[in-house]
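Visitor: Fold the stuff below for me.
(one chain, ligands or ions: 1)
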Amino acid sequence: MTPTDAMPRIGIPTLWQTYGRMIQIADERAPQLRSSLISSALSAIFQGLALACLYPILSAVLREPFDVHALWVPGGMMLLFALLDWVLRWHGHTFGYSRCLADVTHAIRVRLGNQLRLMPLEELYQSRTGELSAVIAGNVDEVVTPMGMLADTFLRSALVPLVVVLTTALIEWRLALAMLLLFPVTVPLYRWRKRLSGGSMRTLAAAHARTSAEIIEYTQGLAVLRSANATGVKARRLQESLVHLQDVQARNQWSGLWPSLVIWTLIEGGLILILALGVVLVAGGSLSIAMLAALLIITVRISEPLAIMTNLSAVFDYMEAGFEQVEKLLAVKPLPCLQPSSLPTRFDVRFEGVSFQYAGTEGAVLSGLDLHLPERSLTALVGPSGSGKTTITRLLMRYADPQQGRIMIGGNDIRAMEPEELMACISVVFQDVYLFDDTILANIRMGRCSATDAEVEAAARAACCHEFISRLPLGYQTRVGDIGGSLSGGERQRISIARALLKDAPIVMLDEPTAALDTESELSVQQAIDTLVQDRTVIVIAHRLSTIVGAERILVLEDGKLVEQGTHEHLLDAGGRYRAMWNAQQSAKSWHLAVAAGGDSRD
Ligand SMILES: Nc1ncnc2c1ncn2[C@@H]1O[C@H](COP(=O)(O)OP(=O)(O)OP(=O)(O)O)[C@@H](O)[C@H]1O
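Guide: Below is the predicted model:
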């Protein structure tokens with residue numbers, strides 16, 4: 001799933017749907033949001049009532065002879081309504097200025113964070129990092145931050161004119177009738193504006209997400225790109241996405257601007273029409289000067305909110321586009337946990353008739369695979385590239401569930417284990433080590449958060465990294481980011497082994513951890529691995545067969561099927577696929593030696 005590939009929603013979400021989504025997203029803070037919205041609505045009603053008092057006030061002021069007493073009632077009422085408007089307006093904004101808004105934003109980010117933790121890795125890896133961060137950082141702000149302010153502005157823009165017209169109708173129906181001329185244009189204009197902006201806001205959100213993904217990928221891969229002298233190629237893709245964003249923004253600006261100008265013009269035109277009508281009526285003697293003055297002030301005062309309201313549809317759409325991205329990510333279901341859940345007490349691994357096909361691809365990567373990895377034994381997975389070795393280790397970690405068959409640890413189906421419990425059983429040491437920009441101490445402690453400093457140090461000693469860590473100026477407190485590339489591949493690998501040692505999981509998976517190391521680093525990392533694998537169920541992925549000759553069992557895979565298994569000697573004697581691979585690697589080695597010794601070919 002890619003959060004940004006959402007197709008534009010068919011139809012226009014109604015205001016009621018937008019309100020429903022706001023309440024849903026506010027979650028625990030929904031009562032506060034509701035109370036703020038009610039206050040805003042009441043405040044808008046009182047503002048309308050205060051405005052409607054203008055006509056009786058002006059009538060009293062312009063009456064001949066002037067009588068101050070006639071001002072008391074309308075003046076007092078206007079003051080009262082204005083006071084109520086102010087008080088309720090403050091209360092209406094509490095959602096924003098109290099912690100509620102920040103709490104809601106935080107809660108959504110935590111929910112999204114949990115979602116990342118629980119969603120199937122297969123789905124997670126299909127999303128680009130930048131697109132995910134655009135949803136979590138960007139869309140959450142787009143959805144939540146304007147929520148209170150936008151709702152207040154909308155309520156005020158819609159309710160103030162409505163209340164003014166209704167109240168004026170009670171005082172002077174002709175005045176109300178004149179004002180009503182403004183309303184019929186507003187609703188169709190609102191819907192028209194919304195239809196125009198809906199799709200473009202989603203396109204804009206998608207373009208933002210794509211650019212953010214390209215920027216992250218470019219900066220993360222810059223070192224590789226420079227070394228491959230390919231910065232230009234990738235920069236071109238980044239450039240393209242920036243140009244695309246620029247185009248989308250320009251189109252959006254234009255498609256947003258001209259309807260706004262049309263709306264303003266129509267509403268201003270309506271205003272002039274009302275005034276012209278008023279002047280004609282005054283000249284004909286059927287409208288008083290007081291009424292015309294009131295009409296002037298009130299229509300000017302309410303035409304602006306009406307224009308704002310029609311243009312707000314674009315902002316609502318931007319918010320809706322954000323809602324959709326957040327909801328789409330939250331809708332991804334975690335892999336189901338079979339009930340009753342169970343915990344293994346022994347740690348052998350069994351694959352029973354496992355068939356697996358990656359989403360969106362054709363053909364199974366594993367088909368009807370049966371494997372048994374006895375507890376506390378070392379099993380090596382070998383086979384040509386693409387034969388399914390990594391897929392086996394991924395499925396054991398529930399990257400995704402196989403379409404057929406089951407995987408068991410200690411006789412327990414891994415689908416009946418909670419994700420945390422499953423991951424507590426397995427340590428993985430990859431070829432590429434990922435260290436976080438934190439201290440070395442914290443990086444090792446990630447293996448077990450509750451470990452004391454002494455336990456971290458003991459793990460580091462066992463993984464042969466205490467010595468080089470002690471040589472660093474700040475020792476264990478050195479930040480990995482500060483020393484950057486000054487840690488060698490072997491040192492980084494040993495830190496990751498220390499992490500795994502601290503975790504102390506009964507099953508260890510090693511994905512070619514020494515493949516990229518020089519001989520000296522390989523020796524010290526191998527020493528650390530020897531400590532790690534003691535007394536554990538170990539699965540090693542190996543390309544260089546010389547590293548696994550001592551394995552208790554070697555499983556040979558080809559096209560997702562187990563074609564041979566046994567010890568090194570047994571497989572050599574069998575003279576099958578393994579023997580062919582072994583011979584090929586041995587002859588490649590002697591070819592290297594011949595080249596090093598000055599020979600020009602293996603012949
Ligand atoms: N995320 C994925 N989506 C689609 N296909 C994939 C994915 N990951 C791997 N594959 C395909 O599945 C097949 C098996 O891949 P896998 O990585 O398990 O093989 P491998 O034996 O570990 O290969 P290597 O030794 O090169 O690492 C390959 O054809 C690969 O292209």
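
Visitor: Only C-alpha atoms from now on, for both contacts and neighbour counts.
Guide: Noted.

Visitor: Quick check on whatever residue of the stretch 51-200 of the chain ends up closest to the ligand: phi, psi?
Guide: Scanning the stretch 51-200 of the chain for proximity to the ligand using CA to the nearest ligand atom identifies Glu122 as nearest, at 6.7 Å. Backbone torsions for Glu122, taken as degrees, to the nearest 10, come to phi -60, psi -40.

Visitor: That one reaches Ala400, doesn't it?
Guide: Yes - at 5.9 Å, Glu122 counts as touching Ala400 under the criterion of CA atoms under 8 Å.

Visitor: Between these two, point out the one with more neighbours.
Guide: Ala400 (21 against 16; other CA atoms under 10 Å).

Visitor: can you list the weak-confidence ranges in the stretch 251-400 of the chain?
Guide: 310-311 (pLDDT under 70).

Visitor: need the helices for the stretch 101-250 of the chain, in chain order.
Guide: With helices called from DSSP state H, counting those that start in this stretch, the stretch 101-250 of the chain shows them at 121-126, 129-133, 140-171, 173-180, 183-220, 222-227, 231-283.

Visitor: Distance from the fourth one to the middle of the chain?
Guide: A distance of 51 Å separates the C-alpha centroid of helix 173-180 from that of its chain, computed with CA atoms, centre = their mean, to the nearest Å.

Visitor: Does anything pack onto it? Which helices or strands?
Guide: In terms of contacts (3 or more CA pairs under 8 Å, 6 or more residues apart in numbering; DSSP states H and E), helix 173-180 is packed against helix 140-171, helix 289-330.

Visitor: Other residues contacting that helix?
Guide: Residues outside helix 173-180 that contact it (CA atoms under 8 Å, 6 or more residues apart in numbering): Val165, Leu166, Thr168, Ala169, Ile274, Met291, Leu295, Thr299.

Visitor: Not counting sequence-adjacent ones, nearest residue to the fifth one?
Guide: To tie it back to what came earlier, the one meant is Ile274. Leaving out its chain neighbours, the residue that sits closest to Ile274 by CA to CA, 6 or more residues apart in numbering is Ala178, at 6.0 Å.

Visitor: Report the separation between that neighbour and Leu287.
Guide: For Ala178, the distance to Leu287 equals 12 Å [CA to CA, to the nearest Å].

Visitor: the more surrounded of those two?
Guide: Using other CA under 10 Å as the criterion, Ala178 and Leu287 rank with Ala178 on top: 19 against 16.

Visitor: Helices of the stretch 451-600 of the chain, start to end?
Guide: 453-462, 466-471, 480-483, 489-503, 519-533, 568-574, 577-596.

Visitor: Could you provide these in TSV, with additional columns for distance to Ser43, mean pLDDT and mean neighbour count?
Guide: Listed next are the helices of the stretch 451-600 of the chain as TSV, based on distance: least, CA to CA, whole Å; pLDDT from 0 to 100; neighbours: other CA atoms under 10 Å:
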stretch	distance to Ser43	mean pLDDT	mean neighbour count
helix 453-462	58	91	19
helix 466-471	64	90	14
helix 480-483	53	69	14
helix 489-503	58	87	26
helix 519-533	68	74	18
helix 568-574	83	92	15
helix 577-596	80	74	15
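
Visitor: Take the ones you listed and write them to TSV, including distance to the ligand.
Guide: Listed next are the helices of the stretch 451-600 of the chain as TSV, based on distance: least, CA to the nearest ligand atom, whole Å:
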stretch	distance to the ligand
helix 453-462	29
helix 466-471	31
helix 480-483	28
helix 489-503	18
helix 519-533	20
helix 568-574	19
helix 577-596	13
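
Visitor: Would you convert those into CSV that also reports distance to Gln431?
Guide: Formatted as CSV, these follow (distance: least, CA to CA, whole Å):
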stretch, distance to Gln431
helix 453-462, 19
helix 466-471, 20
helix 480-483, 18
helix 489-503, 8
helix 519-533, 12
helix 568-574, 23
helix 577-596, 20
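
Visitor: who in this structure is up against the ligand?
Guide: Tyr358, Val365, Ser385, Gly386, Ser387, Gly388, Lys389, Thr390, Thr391 (CA under 6 Å from any ligand atom).

Visitor: rerun at 8 Å
Guide: Listed as neighbours of the ligand in the chain under the rule CA under 8 Å from any ligand atom: 122, 125-126, 357-361, 365, 382-392, 541, 543, 557, 559-560.

Visitor: Can you tell me which of those are buried?
Guide: Among the residues of the chain next to the ligand, the ones that count as buried by 16 or more other CA atoms under 10 Å are 122, 357, 365, 382-383, 387-389, 391-392, 541, 543, 557, 559-560.
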